[in-house]
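Asker: Here is a sequence with its predicted model. Questions after.
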Amino acid sequence: PVEADGADAISQYFRITTDEYNNYVQMVVKAMRFGKMELFKYQNAGSTSNYLSMQKQRMIQQFRIDLSNILWNGKQGEVTVNNSGAVASVAKTTGGIFEILTERAAPTVTTPAASVDAALETLALNTEMKAYGQTRFLYGTPAQLHNLSQLYKRSATRYTPNDEIAKLQLTAVDIGSSKIVFVPMRRFADTASFPAAWQNRLILLDQESVSVVQTWGEEMGETLDRRPGGNLQNYQDFWISTTFGVQFNNALGSGIINIV
């Protein structure tokens, strides 16, 4: 960037290079169905007066778990939905955090459990994209975060004779240029929600670069039952739906640690 005195031209021009990526916004729905006679039975059973409300709350909870699973492990693409009694239709699905990290070649480290601390520090230093002292979050199972805490604490922690509680868990580590907050995710160990490999995986996440995109917010309701002005069906559905997409602006500020 040098200019000569009296020159009438500029020798160096600059423009930021940008990479554009896309993801889909996924439509998500879940419902439960009660037959007319079944519904009458539950409503008239004194010992199970709150059965229906318990079922609805449990379904809503499961719906939120589904959204969390999509956030982390969703696969961007198209699927064929075979609705009972209806023509099959094609639907779009959103890509989750892990798929985006993998596809955009975010730094990945494979390490034995005994050296996770060194691997974390190396990964953190190699993925710093923001101001000095930035805060990021490390997601993993409680067991893996406990092991990491022990690598930092066990050999250096001292106790006095009157100590009655051994504080063995860290909540964060600060390496100067980065502060890393530990976030235990017990469901990473749930093989009904995540593949078994997630039990031995840590994800260092620049959380500010991740946001959820919605076309419409959450909706829920019940279908009309069989009555004048209702419909012909002799059942009633309770449903909940929303739209859900993941926007990840800078995957290179995050990373993955696979523990072997």
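Answerer: Here it is on my side, so go on. Every value quoted in this text rests on a predicted model; they were computed, and no experiment measured them.
Asker: And the longest strand seen in the chain, what does it pack against?
Answerer: Using DSSP state E, we find that the single longest strand of the chain is strand 235-248. Counting contacts by 3 or more C-beta pairs under 8 Å, 6 or more residues apart in numbering; DSSP states H and E, strand 235-248 packs against strand 26-35, helix 36-44, helix 51-73, helix 97-103, strand 210-213, strand 219-222. The way it works is simple: take the backbone N, C-alpha and C, and place the C-beta from them, glycine included.
Asker: And those, which one averages the lowest pLDDT?
Answerer: Sorting these by mean pLDDT places helix 36-44 lowest, at a mean of 82.
Asker: buried residues in it?
Answerer: Neighbour-count burial for helix 36-44, with 16 or more other C-beta atoms under 10 Å as criterion, is recorded at Leu39.
Asker: same thing with stretch 58-70?
Answerer: Those would be Met59, Phe63, Asn69, Ile70, for stretch 58-70 by 16+ other C-beta under 10 Å.
Asker: would JSON lines of the residues you listed with distance to Asp237 be doable?
Answerer: Converted to JSON lines, those look like this (distance: C-beta to C-beta, whole Å):
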{"residue": "Met59", "distance to Asp237": "11"}
{"residue": "Phe63", "distance to Asp237": "14"}
{"residue": "Asn69", "distance to Asp237": "23"}
{"residue": "Ile70", "distance to Asp237": "22"}
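Asker: Nearest to Gly230 among these?
Answerer: Ranked by distance to Gly230 (C-beta to C-beta), the buried residues of stretch 58-70 are led by Met59 at 22.3 Å.
Asker: ok, that closest one touching Asp237?
Answerer: No: counting by C-beta atoms under 8 Å, Met59 stays clear of Asp237, with 11.1 Å between them.
Asker: For Gly230, which non-adjacent residue is spatially closest?
Answerer: Leu224 (3.9 Å; C-beta to C-beta, 6 or more residues apart in numbering).
Asker: Looks to me like that neighbour is in a helix.
Answerer: No: assignment of Leu224 by DSSP: H, G, I helix; E, B strand; the rest coil gives coil, placing it outside any helix.
Asker: any idea how far Ile180 is from Ala197?
Answerer: 22 Å (C-beta to C-beta, to the nearest Å).
Asker: higher neighbour count, these two?
Answerer: Ranked by neighbour count (other C-beta atoms under 10 Å), Ile180 and Ala197 place Ile180 first, with 22 against 10.
Asker: picking that back up, which residues are common contacts for Met59 and Asp237?
Answerer: Common contacts of Met59 and Asp237 (C-beta atoms under 8 Å, 6 or more residues apart in numbering): Ala31, Met32.
Asker: which element is Val116 on?
Answerer: helix 116-126 (DSSP states H and E).
Asker: who does the helix or strand of the chain with the lowest mean pLDDT touch, helix- and strand-wise?
Answerer: When the helices and strands of the chain are scored by mean pLDDT, DSSP states H and E, helix 36-44 comes last with a mean of 82. Helix 36-44 sits against helix 51-73, strand 235-248, with contacts defined as 3+ C-beta pairs under 8 Å, 6+ apart.
Asker: Reformat the ones you listed as TSV; add distance to Thr215.
Answerer: Shown next, in TSV, are the helices and strands packed on helix 36-44 (distance: least, C-beta to C-beta, whole Å):
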stretch	distance to Thr215
helix 51-73	14
strand 235-248	4
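Asker: just so I know, which of these lies nearest Ile175?
Answerer: Closest approach to Ile175 among those (C-beta to C-beta): strand 235-248, 23.8 Å.
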